[in-house]
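A.B. asks: Okay, predicted coordinates and the sequence, questions at the end:
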Amino acid sequence: MPEETSHIPPAAAAFPPVSRREVLQATAGAVALAALPGGAADSAAAAEAGAAAGHSLRITVNGHAHELAIDPRQSILDVLRERLNLTGTKKGCNQGACGACTILLNGQRVNACLTLAAMHDGAEITTIEGVAQGEALHPLQAAFIEHDGFQCGYCTGGQIMSGLGCIAEGHAGSPAEIKAWMSGNICRCGAYPGIVAAIAQANKAVRS
Ligand code: FES
Ligand code: FES
């Protein structure tokens, strides 16, 4: 019988033994942190820990370059909201199910809540704050207003960012196609007819 190979990396195997009490204490601390409302691991405590850890992140957001010391566990959503005060990108579910946090990352639409900031050093990010040109709305923003593509507005930033991605990908050729490729963006107010109409109109405007 060949000897079984250990899957523990040598460096980890060399760590000093940890007692059961220490493991339970550490786990209880982690669970308490995760259970705090609003995802406390994302906020001030995480930022402080990140600064202490000294993980450096360089990103360009809406054309502005930033260099930040972050916690390597922080999502791009939390870096945008907590560190850069760009709160137009919303935290709905914080688990990839609603699309309220959609941004463009190097031109691709992504859920910012599921994207670790530390993995995207050097990235170019566009958020809803960077879509208009000064006072001039992007055609998609104007179309959302024209077609009543929102009610409470909580999902709207994510819908617009995702709509921009949908148009850029060439997935906005018909209402059915728009519905399919926007299915990751939930609107609790049910403004879907206006959202689809707005994306269809902006698609024509952008391509004409
Ligand atoms: S907050 Fe990211 S998908 Fe819901
Ligand atoms: S406008 Fe209210 S959730 Fe979409």
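C.D. replies: Nice, I can see it. Ligands and ions are numbered 1, 2, ... in the order given.

A.B. asks: okay, now residue 56: neighbour count?
C.D. replies: By other CB atoms under 10 Å, 12 other residues sit near residue 56. C-betas here are computed from N, CA, C, even on glycine.

A.B. asks: make that residue 86, sorry
C.D. replies: 19.

A.B. asks: tell me the contacts of it?
C.D. replies: Residue 86 sits next to 61-62, 80, 127, 129 when contact means CB atoms under 8 Å, 6 or more residues apart in numbering.

A.B. asks: Near ligand 2, which residues of this protein are found?
C.D. replies: Contacts of the chain with ligand 2, taken as CB under 6 Å from any ligand atom, map to 150-156, 187-189, 191.

A.B. asks: ok, these vs ligand 1, which is closest?
C.D. replies: residue 155 (9.3 Å; CB to the nearest ligand atom).

A.B. asks: Find me the pLDDT at that closest one, would you?
C.D. replies: Looking at residue 155, its pLDDT is 98.

A.B. asks: Now do the phi/psi pair for the residue lying closest to it once chain neighbours are set aside.
C.D. replies: Using CB to CB, 6 or more residues apart in numbering and skipping residues adjacent in sequence, the residue nearest residue 155 is residue 187, 4.8 Å away. Per-residue torsions, residue 187: phi -120, psi 110 (degrees, to the nearest 10).

A.B. asks: Ligand 1 versus the most centrally placed residue in the chain, what's the distance?
C.D. replies: Nearest residue to the geometric centre of the chain (CA atoms, centre = their mean): residue 112, 0.9 Å. Using CB to the nearest ligand atom, to the nearest Å, residue 112 is found at 6 Å from ligand 1.

A.B. asks: what's the answer for residue 117, then?
C.D. replies: 14 Å.

A.B. asks: so that residue touches residue 58, yeah?
C.D. replies: No. Taking contacts as CB atoms under 8 Å, residue 117 lies outside contact range of residue 58: 10.7 Å.

A.B. asks: more neighbours, the two?
C.D. replies: More crowded of residue 117 and residue 58, by other CB under 10 Å: residue 117, with 26 against 12.

A.B. asks: domain assignment for this structure?
C.D. replies: Taking automatic domain parsing as the criterion, the chain consists of the domains 40-129, 139-207.
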